[in-house]
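1. following is a predicted model, sequence given first.
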Amino acid sequence: MKSWLTRSARVEELEKRVRVLEQDVVELRRHNLRLAELTDVVEELLVPLASRDDAAASAAIEKFTKSL
Amino acid sequence: MASSDLVRTVDDDGILLDATEDTVVDVLVDDRRVWSFWSLRDTVDDEGLRRAPWPKALRKFLDGRARFTVRETVSGRVLFDDELAFGTSTAPIAIVGRHGEPLSLDKDGRLSATFDVRDASQTGPLLDAIEEVLGVLRELGVGAFPAYGTLLGAVREGNLLGHDSDADLGYVSTETTPVDVVRESFRLQREIGARGYRTHRYSGAAFKVEVAEGDGVVRGLDVFGGFFDDGRLYLMGEVGQEFREDWIFPLGTCTLADRTLPAPAVPEKLLEAMYGAGWRVPDPAFKFEKDPHTQAQLNGWFRGTQVDLRRWDRFYSGRRRKLPRGRASELAVLAHEELPADVHVLDVGAGRGRDAWYLARQGRTVTAYDYLPHAATAVRKQAEKKGLALDVRRLNLLEIRSVLGEGARVAHEPGQRAILAGHVLDATYAPGRQGFIRFARMALRGGGRLYASFWTGKAHDLNHVWPIAMADVVSLIEQNGGSILHASESVVPRKSGAEVGVGRVVAQWA
């Protein structure tokens, strides 16, 4: 009886760990889209915004938001 | 009249069949296919027989007379054929769209101008567009080819599938990680948009290119990205399985109507991955059996920026041409009373623009932001006509690029700003609230104020919103640099008799 209980408890513990791992995997997968979005913002907006040309910065932002 | 043992009756309640095997059947009205379904999968039990109720989209047309035919799709065997009358009208039943174009249900159950009712002069422009977009993608370094239903039509029938209503393109990237596949898809959309096409993004790896055809019908051309990873092919939005690269590369050709187009090296293998081993047998009522693991992978990597978009679109469809009625919200009135006249109000989650309209009429400069900016079409047009300072713009709180792009845009403008957020925090979920607060931080830096209202209590009759606790809103604001000026909760009776809590917060950023 005791060994059965131990085994059941172990299975329960493993199921719990699998659930946690699944959640971790989901979270990690989500970073792909986030990272791609952030990279895109940097690539498209950083240089025009860093320039001192106000009109060029506004135009770059407008072009970027329209392209989404 | 022709009928068989299989179809018992066709009447107001739908089609009654005596079916024991699952077979796909077409329903024709005056010799034109309008609907296809599976005799078991898509029917319900009716005292031992099977009933296929009329789809809602078709039911509204059933007032008048027409010849109804039910036939087996594959064998062509006629199971029912008779003149029938529905409703009270004696006029012929015409299942047509606004411009008189014949409509039928496509494989997704949408009423569309499917290809089987369109002649060469009508499909020609779409084929032109397919070639053009394939050409643009080639110039951009991507070898794309017809995919999904369009590839199926080309390989099996040498033509567009009759029951299809859009065209799909796919490509397999040379990139090998989802993040780079997404970046490439962003670049492709931007380049195609720069060539004058309207585009719309579905996910990190798929977007639609809109093509206006000769008769004014706008068709979607979907561009799906894919990639190989360690011997597995992933193609948005359904494929994820072991696949040999030489089944894709080098690309071969296929024939679609009179055009020769690129195709995967062994298109049959890709069709099997998309539709299963039975892809050679026509099935106008095909439904994808989604593999849960592949879906979890594709969802995690690429999706999550369009949550509930379709539901909101349905919610607003039909209303967007009408000016919103009723008084402005108490929140909008409060903001107007408290804010100096020259403060630019950003109405986030403006919906049809009732509050934005009110504020603009008070002489304020207003930007109405929404996930679906076309919901405020009527308000935008009226404001334009009256010369009011009301702008309508898209803001997707679930899309980092949208939040940062708009955030940068408004932060770059001179002057003071305030955000009005009536039932936004409770209409989205945690990632949307993060997007909202990020936008607020950017827009309100330097003394800007936030006016927010949201449901706080439980209620069973709320549409499209999920109550959120006051403490959660307060901590969201405070953790993101805002100071609470006012926070209150009141109980409001609903028409249904239920009572709900309404929270109101005014906050300011230094």
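-> Perfect, I can see it now.

2. all the helices of the chain, in order from the start?
-> Looking at chain A here, since you left the chain open. Here chain A has its helices, by DSSP state H, at A:2-41, A:47-50, A:54-66.

3. look at chain B instead
-> All helices of chain B, identified by DSSP H, fall at B:56-59, B:120-139, B:148-152, B:178-194, B:267-275, B:292-302, B:309-316, B:330-338, B:354-361, B:377-386, B:400-412, B:430-444, B:470-479.

4. residues in contact with the spatially closest residue to B:V465 that is not a sequence neighbour?
-> Using C-beta to C-beta, 6 or more residues apart in numbering or on different chains and skipping residues adjacent in sequence, the residue nearest B:V465 is B:D426, 4.4 Å away. In short, each C-beta sits where N, CA and C put it, glycine included. Counting by C-beta atoms under 8 Å, 6 or more residues apart in numbering or on different chains, B:D426 touches B:454-455, B:465-468.

5. try it again at 10 Å.
-> By C-beta atoms under 10 Å, 6 or more residues apart in numbering or on different chains, the contact set of B:D426 is B:349, B:433, B:452-456, B:462, B:464-468, B:473, B:502-503.

6. which ones among these map onto strands?
-> Among the contacts of B:D426, DSSP state E puts B:452-455, B:502-503 in strands.

7. show the buried residues in those.
-> Among the ones in strands among the contacts of B:D426, the ones that count as buried by 16 or more other C-beta atoms under 10 Å in any protein chain shown are B:452-455, B:502-503.

8. next to chain B, which bits of chain A? Give me the list.
-> Chain A comes close to chain B at residues A:22, A:25-45, A:48-49, A:54, A:57-58, A:60-68, as judged by C-beta under 10 Å from any C-beta of the partner chain.

9. separate out the buried members of those.
-> Applying 16+ other C-beta under 10 Å to the residues of chain A next to chain B flags A:29-30, A:32-33, A:35-37, A:40-41, A:44-45, A:48-49, A:57-58, A:60-61, A:63-65, A:67-68 as buried.

10. what does the stretch 401-510 of chain B put close to chain A?
-> Proximity of the stretch 401-510 of chain B to chain A, by C-beta under 10 Å from any C-beta, involves residues B:401-413, B:431.

11. roughly how far apart are the residue most central in space within chain A and B:L111?
-> Closest residue to the average C-alpha location of chain A: A:H31 at 2.3 Å, with C-alpha atoms, centre = their mean. Counting by C-beta to C-beta, to the nearest Å, the separation of A:H31 from B:L111 is 39 Å.

12. same deal with B:R51?
-> Applying C-beta to C-beta to B:R51 and B:L111 gives a distance of 21 Å.

13. ok, now B:V410?
-> Per C-beta to C-beta, B:V410 is found 40 Å from B:L111.

14. same thing with B:R8?
-> For B:R8, the distance to B:L111 equals 26 Å [C-beta to C-beta].

15. what's in contact with the helix or strand of chain A with the lowest mean pLDDT?
-> Using mean pLDDT, DSSP states H and E, the weakest-scoring helix or strand in chain A turns out to be helix A:47-50, at a mean of 84. For helix A:47-50, contacts defined as C-beta under 10 Å, 6+ apart pick out A:56-61, A:63-64, B:408, B:411-412.

16. residue of chain A with the smallest distance to chain B?
-> Residue nearest to chain B within chain A: A:R29 (2.8 Å; C-beta to the nearest C-beta).

17. quick one: contacts for B:L404?
-> Shown in contact with B:L404 (C-beta under 10 Å, 6+ apart): A:37-38, A:40-42, A:45, A:61, A:64-65, B:435, B:438-439, B:442.

18. surely B:D180 touches A:D40?
-> No. B:D180 is beyond contact range of A:D40, at 11.6 Å (criterion: C-beta atoms under 10 Å).

19. which regions of the chain sit below the pLDDT cut-off?
-> Since no chain was named, I'll use chain A. For chain A, the stretches with pLDDT under 70 are A:1-4.

20. switch to chain B, that's the one I care about
-> Along chain B, segments meeting pLDDT under 70 span B:1-4, B:117-119, B:121-122, B:213-215, B:459-462.

21. the residue in it that chain A sits nearest to: how many residues sit nearby?
-> Closest contact between chain B and chain A, by C-beta to the nearest C-beta, is at B:G300 (2.8 Å). By the measure other C-beta atoms under 10 Å in any protein chain shown, the count of residues near B:G300 is 19.

22. pull the contacting residues for it.
-> Going by C-beta under 10 Å, 6+ apart, B:G300 touches A:25-33, B:178.

23. try B:P262
-> Neighbour list for B:P262: B:134, B:137-138, B:143-146, B:169, B:171, B:250-254 [criterion: C-beta under 10 Å, 6+ apart].

24. ok, of these, which one's closest to B:V307?
-> Ranked by distance to B:V307 (C-beta to C-beta), the contacts of B:P262 are led by B:L169 at 25.2 Å.
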